[in-house]
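S.K.: no FASTA, just this:
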């Protein structure tokens, strides 16, 4: 297979998977609005495009299966079949099977017996809808061998085709076979669109035997095709060879009156001649572009400009009557306008990652140059390095924005999950989505799919009650699972909510004591109790179902989120519902950081999490694990003690107030070293369990600075500080210390 063929096949696979996602979204939408013709057309177009592209590559399994699906969709478009929930379920399964066939193409494998059986069962169900009684569709492979004739038999009247059939005039490019395409495969595909009444092989361009190259293509066909599809559909069969081949498609004579009526009914006031012809279906966009290019070439060569309508008639692409109707309509409308188009370009993710890596190395090199300039006190060089740093920051932001995608695409996939699982559980559950436009690094989004799937399924299985229990609790019969996203303090917050029965604290604690996770006399906060569900193997389910109950999953969810430098918390109210809150960094690559020094060690925190910096004397904080910050208790984290750094602190120290997970702590450090662009690098396996560290970065000096995982550090340290602080303070109160009756003011402060 040639390189160009490989690229074309890869493009087909990518496009097909995208179309299947859109098809699934449209099916879920049309299930709620069965009379929405535009959504039904979107489903039909997706199936039709996949079938057409598959036919070009000779993927007969996909063509044959999708052809039957297309027939059912066509009947639904005509109003002969009602698109109800049952038909939607069938076509969701049809889409899954097409996706399975596409994946087989990706891996170069043939369909196994089980897959064939599933496909046959779906075909029988669709044929039953069509009223064929399970009879197979006419074979798409039944194509007569082309008869050889002279080019005289290919003559077409200048005025167009005087029959009710389409006429196709094909002249394949000389490199068609070299590029991996079989000319006959295009003829076979046309049979899936309709019936070929006549086909003539044109061999005038075949050279003498002595000059014939075995891999050169000199074939041409004149084809008379009977079909109900439009011109764009026929033209779509030749998308991959259009640039190197001659393809002319002449409409049936009976179409002329239809085209003129469509032109007269066009509501848009600002359409040009070519746009009118494309809108009514007598001309395709590719034909229009080719005609406009021919006009441009003629103008550049100094030749007289030929009117577009005359050029299309001369090329036998449009009937004169249709052009006259369009010109007449144009005289009634004001001058046309040009509309800009948004151009999208697919970029290999590996190339994008390489670009991000290069930007990161550039930032490190720039920081080193800036240090040298300041060390030697060269003012001009210092100014230049600052300007370079500013430009690098813009390049960094632009490069990172290329990887940012809206999370709505991931959220919308759960429409299908909620639909299928709710039917399996026999519950009426709706999915509510907010913040779909929130942007997040593509790498993070891709790794979120599995954790979110588990959380959503858990919410439906364990959270949402049965209809009877909801009625008893005076709740709506339909339960709600929510997916919500928002930006907050330089992070993305994702919440998975449900309005179910909530978590039972007593039951969770009882199970934890039973499994030896906590001591029977332990005193735990609500948060600590709820977070027990993230322990490996923990489950409160009384019965094991196909969805859950084995205690496998929530610990994996937490590990997945932690691996993304994120945090996960759970809150619940019995009888009201449960919320799982996930906090994630916007990107995994490069951030603005704040550099701090403790002894000879350097630490970095995300700048977006820094609230303020405070200078204090050594005596102010001596012996205290907290600081009175304008009347509020601020727990302190001494990095020197936390990470056991040798040496004594200086006479004056600094507190960097950081915020994460809705809480604040003060990081006690020796030096404040300023802002910097931080290239985040992952820790090795040996250091992955270091408390409160999420990665490292390389400074301009070549030294290594640890990146503090602020949300996790804050969550861990505030719990320790609060507990320790309470015990210290309560030990000074009269009587035995008791966590159940501390001074109210102290609790309010914490």
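M.R.: Cool, got the structure. Please read all numbers here as calculations on a predicted model, not as lab measurements. Residues are numbered from 1 along each chain as shown.
S.K.: can you list the low-confidence ranges for the stretch 551-700 of the chain?
M.R.: Per-residue confidence for the stretch 551-700 of the chain (pLDDT under 70) gives these ranges: 551-553, 587-589, 617-623, 650, 661-662, 684-686, 688-689.
S.K.: now residue 303, what's its secondary structure?
M.R.: Under DSSP: H, G, I helix; E, B strand; the rest coil, residue 303 falls in the coil class.
S.K.: please begin residue numbering at 259 from this point
M.R.: New numbering, starting at 259: the last item is residue 561.
S.K.: state the distance from it to residue 568.
M.R.: With the distance defined as CB to CB, to the nearest Å, residue 561 ends up 14 Å from residue 568. In this view, the C-beta of every residue, glycine as well, is placed from N, C-alpha and C.
S.K.: number of residues surrounding residue 680?
M.R.: Residue 680 is surrounded by 19 other residues when neighbours are defined as other CB atoms under 10 Å.
S.K.: pretty sure residue 583 sits in a helix.
M.R.: Yes: note on residue 583: a helix contains this position according to three-state DSSP.
S.K.: I figured residue 928 hits residue 858, correct?
M.R.: No: applying CB atoms under 8 Å, one finds residue 928 not in contact with residue 858, separated by 9.8 Å.
S.K.: between the two, which one's more packed in?
M.R.: For residue 928 against residue 858, the residue with the higher neighbour count under other CB under 10 Å is residue 928, and the figures read 21 against 10.
S.K.: which secondary structure element of the protein has the lowest mean pLDDT?
M.R.: Sorting the helices and strands of the chain by mean pLDDT, DSSP states H and E puts helix 1002-1007 at the bottom, at a mean of 31.
S.K.: thought residue 766 was touching residue 790, still the case?
M.R.: Yes: checked against CB under 8 Å, the pair residue 790 and residue 766 is within contact range at 5.6 Å.
S.K.: list the contacts of the residue nearest to residue 842 when sequence neighbours are not counted.
M.R.: Of all residues not flanking residue 842 in the chain, residue 824 sits nearest, at 4.0 Å (CB to CB, 6 or more residues apart in numbering). Taking CB atoms under 8 Å, 6 or more residues apart in numbering as the contact definition, residue 824 lies against 840, 841, 842, 843, 969.
S.K.: before we move on, what about residue 328?
M.R.: Neighbour list for residue 328: 302, 305, 306, 309 [criterion: CB under 8 Å, 6+ apart].
S.K.: for the record, mean pLDDT for stretch 632-649?
M.R.: For stretch 632-649, the mean pLDDT works out to 84.
S.K.: same thing with stretch 315-322?
M.R.: Per-residue pLDDT values over stretch 315-322 give a mean of 82.
S.K.: and what of stretch 573-593?
M.R.: 67.
S.K.: pretty sure residue 310 is touching residue 493, no?
M.R.: No: counting by CB under 8 Å, residue 493 is not a contact partner of residue 310; they are 10.0 Å apart.
S.K.: ok, the two, which is more surrounded?
M.R.: In terms of neighbours (other CB under 10 Å), residue 310 is the more surrounded of residue 310 and residue 493; the figures are 23 against 19.
S.K.: compare the contacts of residue 824 and tell me which is most surrounded.
M.R.: Neighbour counts for the contacts of residue 824 peak at residue 969, which has 28 neighbours (criterion: other CB under 10 Å).
S.K.: what ranges does the stretch 559-708 of the chain have for its strands?
M.R.: Per DSSP state E, counting those that start in this stretch, the stretch 559-708 of the chain carries strands over the ranges 662-664, 687-692, 697-699.
S.K.: just the stretch 259-408 of the chain next, same as before
M.R.: 405-406.
S.K.: let me see the domain layout of this protein.
M.R.: 261-388, 405-589, 607-661, 663-843, 848-1007 (automatic domain parsing).
S.K.: give me phi/psi at residue 463?
M.R.: The main-chain torsion angles of residue 463 are listed as degrees, to the nearest 10 and equal phi -90, psi 0.
S.K.: just give the nearest non-adjacent residue to it, would you?
M.R.: Spatially, and ignoring its direct neighbours in sequence, residue 463 is nearest to residue 476 (4.6 Å; CB to CB, 6+ apart).
S.K.: name the next helix or strand downstream of the helix or strand residue 454 falls within, please.
M.R.: Per DSSP states H and E, residue 454 falls inside strand 452-460. Proceeding C-terminally, strand 452-460 gives way to strand 478-485 as the next helix or strand, assigned by DSSP H and E.
S.K.: tilt between that following strand and strand 452-460?
M.R.: Our comparison of strand 478-485 with strand 452-460, counting by axes from the mean of the first three to the mean of the last three CA atoms, to 10 degrees, yields an angle of 160 degrees.
S.K.: wait, the residue nearest to residue 463 touches residue 461, no?
M.R.: Yes: between residue 476 and residue 461 a contact is recorded at 7.1 Å, counting by CB under 8 Å.
S.K.: looking at those two, which one has more neighbours?
M.R.: Comparing residue 476 with residue 461 by neighbour count (other CB under 10 Å), the higher total belongs to residue 476, at 18 against 13.
S.K.: contacts only, for that one.
M.R.: Contact partners of residue 476, counting by CB under 8 Å, 6+ apart, are 432, 461, 463, 464, 465.
S.K.: quick one: it and residue 310, what's the gap?
M.R.: Noted for residue 476: a distance of 26 Å to residue 310, by CB to CB.
S.K.: excluding chain neighbours, what is closest to the residue most central in space within the chain?
M.R.: The residue lying closest to the centre of the chain (CA atoms, centre = their mean) is residue 667, at 4.6 Å. Sequence neighbours aside, residue 703 is the residue nearest to residue 667 in space, at 7.7 Å (criterion: CB to CB, 6+ apart).
S.K.: next, count neighbours for the one you found.
M.R.: Other residues near residue 703 number 21, with proximity taken as other CB under 10 Å.
S.K.: could you pull up the residues touching it?
M.R.: By CB under 8 Å, 6+ apart, the contact set of residue 703 is 663, 665, 667, 668.
S.K.: how many neighbouring residues does the last one have?
M.R.: Going back to what we said before, that points to residue 668. Applying the criterion other CB under 10 Å, we find 20 residues in the vicinity of residue 668.
S.K.: what does residue 478 give?
M.R.: The burial count for residue 478: 21, using other CB under 10 Å.
S.K.: against residue 464, how distant is it?
M.R.: In this view, residue 478 and residue 464 are 10 Å apart by CB to CB.
S.K.: can you get me the start-to-end distance on stretch 956-966?
M.R.: According to CA to CA, to the nearest Å, stretch 956-966 extends 14 Å from its N-terminal end residue to its C-terminal end residue.
S.K.: list of residues touching it?
M.R.: Contacts of stretch 956-966 with the rest of the structure, by CB under 8 Å, 6+ apart, involve 622, 624-629, 851, 853, 859-863, 925, 934, 936-939, 950-955.
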